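>>> make a model of this:
(2 chains)
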Amino acid sequence: MTAHRLSTRYRRLLRVYPPGPRRDELLDTLVEAAPQGRTRPTLRETVNLLRHGMRARLGRPASRGVVAVAVLTSLVAGYLAAAVAYRIALEDAPALPHGAELAEIQGALFPGLASWSEQDGEVFSDLNSPTVTDLLRGGHDEEFFYATVTIGPRDRFIPGDYRAWTEQAAGRLAAQGWDAGEAAPTGTTENESGDLVLDGTYLVARRGDLTMELNAGAWGVDVPAGKFEADATIRRFPPRSAAVIAVAAGLPAALLGWLLLGWGSRRTENAGVQVRFLTREPVVVAMAVLAPLWFSGAGGFVAETLRHGVVYQPFWSMAAGWAAGYALFAGALCLLALIVAAVAGRRQPAVREPA
Amino acid sequence: MSKAMREPTFWILTALASRPRHGYGVIQQATELSDGHVVLQAGTLYAALDRLHAEGLVEPDHDEVVDGRTRRYYRLTDQGAAALAAESARLSRNARTAAGQLSARPAGRRPSTQQFGLDPA
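Numbering: from 1, shown residues only, chains lettered A, B, ... in the order given. A predicted model of the protein is given here:
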């Protein structure tokens, strides 16, 4: 009974290997090697079988190149699926503050003053509206950010000192549950010596998934004495559920990419030159085209996050500059390779039958 | 100069040198011959067998069915035997060189080569 239970568990674990006699062969070895009384695979065995089973899925046991291409395929497939899922999830993200919520914020910042508000974008604030042709040829530039709502006093100038006002505004925001950071001095002009004239303050406040950037200062030459200008830009970060959805889509897609590549690789492992040329080369070219998309997207996002602490863009924004036409071309090459593998390839045993 | 073999590869080929063996037989033999220093995991063994087969160093010998499960035996090819012989010679040369260098150390600081099974002669 114990041996049967162990055998069943091994058999389940061995599904990580491609279908074929190798599963049976491994089962025999594992069962024979197991000490009496063992009822389940050890952790070490499990990790070892998962690792080598996934490698066996790729075929071509003496090749390191197939592993490199599989890793790239997996990364790109997972990244693209996660990006699409994240973008779809953003459609259901909560709206920016509006109505009573916005009026409350306006009241805290500009009490007793009439104020205006302007929302830029629904999901993204985008300076450009490229056509489909533009996107295919050159992609989308990186200048798009999560949508914003900006508020300011209707009368452009506020009487008083901007430093004192910023301090008071931070206090009023804190009373509304905002976590206001330290006000930092800013400047927009230089004096004769080239030093920046500090004529403003900048403050970041956070409440839940909302981030507010508050600017106040006596900028420019037309500011009347004893007055200043101020405005606040509010962004809402996407909910965590969007990230969860992206991961939930990205991981299976990465696995699927690995398995599909392995399936095609095994089917064409011993095929003739023509079949290999129509499967291996297209996939290698496709990955050479798509890999920079992943490196620029994922790498760029990590680098920006490390540099600024926070990025007001989705994780795939740096990859948006990649022409969609290249991605479609690479996708077509992968499709060609899959079709050729399905039609002209055939299932190969892991090891040739005994003579 | 040929590339040094990885240790599991060396012991798998060594285990198959005298006669064909099936998976568990290779694991047992490798453990025994290496004085328990090498305990091959099943996944590692079959990954290595696949690679060695692709390189022409081992090949399937025959199949048996035991308790309804396929048991495949593998044997060393002539090419595999040559590769193992070359690796053995390389290791022997290395060992002789190291033992010779150790014997040149001052007497008081020389480790006992017999203790480690090394003989510079």
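
>>> report the mean per-residue pLDDT for the strand or helix carrying residue A:337.
Taking DSSP states H and E as the definition, residue A:337 sits inside helix A:324-344. The average pLDDT within helix A:324-344 is 91.

>>> below-threshold pLDDT in chain B: ranges please.
B:1-2, B:112-121 (pLDDT under 70).

>>> show me the strands in it, by range?
Using DSSP state E, the strands of chain B run over residues B:21-22, B:58-66, B:69-76.

>>> re earlier: what distance separates the helix holding residue A:337 from the centre of its chain?
With C-alpha atoms, centre = their mean, to the nearest Å as the basis, helix A:324-344 stands 24 Å off its chain's centre.

>>> give me the buried stretch members for it, please.
The neighbour-count criterion (16 or more other C-beta atoms under 10 Å in any protein chain shown) identifies A:324, A:326, A:327, A:330, A:333, A:334, A:337, A:338, A:340, A:341, A:344 as the buried residues of helix A:324-344. In short, each C-beta sits where N, CA and C put it, glycine included.

>>> equivalent analysis for stretch A:133-141, please.
A:136, A:139, A:140.

>>> ok, longest helix in the chain?
By default, I'm working from chain A. Counting residues, the longest helix found in chain A (DSSP state H) is helix A:240-267.

>>> um, chain B though
Ordering each helix of chain B by length in residues (DSSP H) puts helix B:78-103 first.

>>> any idea of the angle that helix forms with strand B:69-76?
Here the directions of helix B:78-103 and strand B:69-76 differ by 60 degrees (axes from the mean of the first three to the mean of the last three C-alpha atoms, to 10 degrees).

>>> which strands or helices does helix B:78-103 pack on?
helix B:7-17 (3 or more C-beta pairs under 8 Å, 6 or more residues apart in numbering or on different chains; DSSP states H and E).

>>> please repeat the previous calculation with a cut-off of 10 Å.
helix B:7-17, helix B:42-54, strand B:58-66, strand B:69-76 (3 or more C-beta pairs under 10 Å, 6 or more residues apart in numbering or on different chains; DSSP states H and E).

>>> list the contacts of residue B:33.
Going by C-beta atoms under 10 Å, 6 or more residues apart in numbering or on different chains, residue B:33 touches B:11, B:14, B:15, B:17, B:18.

>>> just give the nearest non-adjacent residue to the fourth one, would you?
Among residues not flanking residue B:17 along the chain, residue B:76 sits closest, at 5.8 Å (C-beta to C-beta, 6 or more residues apart in numbering or on different chains).

>>> how about the strands in the stretch 151-300 of chain A?
Using DSSP state E, counting those that start in this stretch, the strands of the stretch 151-300 of chain A run over A:158-159, A:179-180, A:184-190, A:196-207, A:210-217, A:227-236.

>>> each with direction, which strands does the second one pair with?
I take that to be strand A:179-180. strand A:196-207 (antiparallel) (DSSP bridges).

>>> I'd like to check the angle between the strand it pairs with and strand A:184-190, please.
Using the same axes, to 10 degrees, strand A:196-207 lies at 140 degrees relative to strand A:184-190.

>>> please save the CA atoms from strand A:196-207 in PDB.
Provided in PDB are the C-alpha atoms of strand A:196-207 (Å, rounded to 0.1, in the frame of the first residue of the first chain):
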ATOM      1  CA  LEU A 196      19.000  78.800  -8.700                       C
ATOM      2  CA  VAL A 197      16.600  81.300  -7.100                       C
ATOM      3  CA  LEU A 198      14.600  79.400  -4.600                       C
ATOM      4  CA  ASP A 199      11.100  80.800  -5.100                       C
ATOM      5  CA  GLY A 200       8.800  77.900  -4.400                       C
ATOM      6  CA  THR A 201       8.100  74.700  -2.500                       C
ATOM      7  CA  TYR A 202       7.300  71.200  -3.500                       C
ATOM      8  CA  LEU A 203       5.600  68.700  -1.300                       C
ATOM      9  CA  VAL A 204       4.300  65.100  -1.900                       C
ATOM     10  CA  ALA A 205       1.400  63.800   0.100                       C
ATOM     11  CA  ARG A 206      -0.100  60.300   0.000                       C
ATOM     12  CA  ARG A 207      -3.500  58.900   1.100                       C
END
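
>>> what residues of that strand count as buried?
For strand A:196-207, by 16+ other C-beta under 10 Å, it's A:199, A:200, A:201, A:202, A:203, A:204, A:205, A:207.

>>> compute the inter-axis angle for that strand and strand A:210-217.
Interaxial angle of strand A:196-207 relative to strand A:210-217 (the same axes, to 10 degrees): 150 degrees.

>>> can you give me the angle the longest helix of chain A makes with helix A:324-344?
Inter-element angle recorded for helix A:240-267 and helix A:324-344: 40 degrees (by the same axes, to 10 degrees).

>>> could you check helix A:240-267 and say which residues are buried?
Residues of helix A:240-267 classed as buried by neighbour count (16+ other C-beta under 10 Å): A:242-243, A:245-246, A:249-250, A:253-254, A:257-267.

>>> against which helices or strands is that helix packed?
helix A:43-56, helix A:65-90, helix A:273-294, helix A:324-344.

>>> ranking those by burial, who's on top?
Stretch with highest mean neighbour count among the helices and strands packed on helix A:240-267: helix A:65-90 (a mean of 20; mean count of other C-beta atoms under 10 Å in any protein chain shown).

>>> average pLDDT for that helix?
Across helix A:65-90, the average pLDDT comes to 93.

>>> immediately after that helix, which helix or strand?
helix A:99-109.

>>> show me what that following helix is packed against.
Counting contacts by 3+ C-beta pairs under 10 Å, 6+ apart, helix A:99-109 is packed against strand A:115-126, strand A:144-153, helix A:162-175, strand A:196-207, strand A:210-217, strand A:227-236.

>>> doesn't residue A:280 make contact with residue A:345?
No: look at residue A:345 against residue A:280 with C-beta atoms under 10 Å: they stay out of range, at 11.1 Å.

>>> list the contacts of residue A:341.
A:260-261, A:263-268, A:271, A:275, A:278-280, A:283.

>>> and those, which is closest to chain B?
Proximity of the contacts of residue A:341 to chain B was ranked by C-beta to the nearest C-beta; the top entry is residue A:266 with 11.6 Å.

>>> pLDDT score assigned to the closest one?
As predicted, residue A:266 sits at a pLDDT of 93.

>>> repeat for residue A:273
At residue A:273, the model reports a pLDDT of 88.

>>> you'd agree residue A:36 is in a helix?
No: secondary structure assignment places residue A:36 outside any helix; it is coil (DSSP: H, G, I helix; E, B strand; the rest coil).
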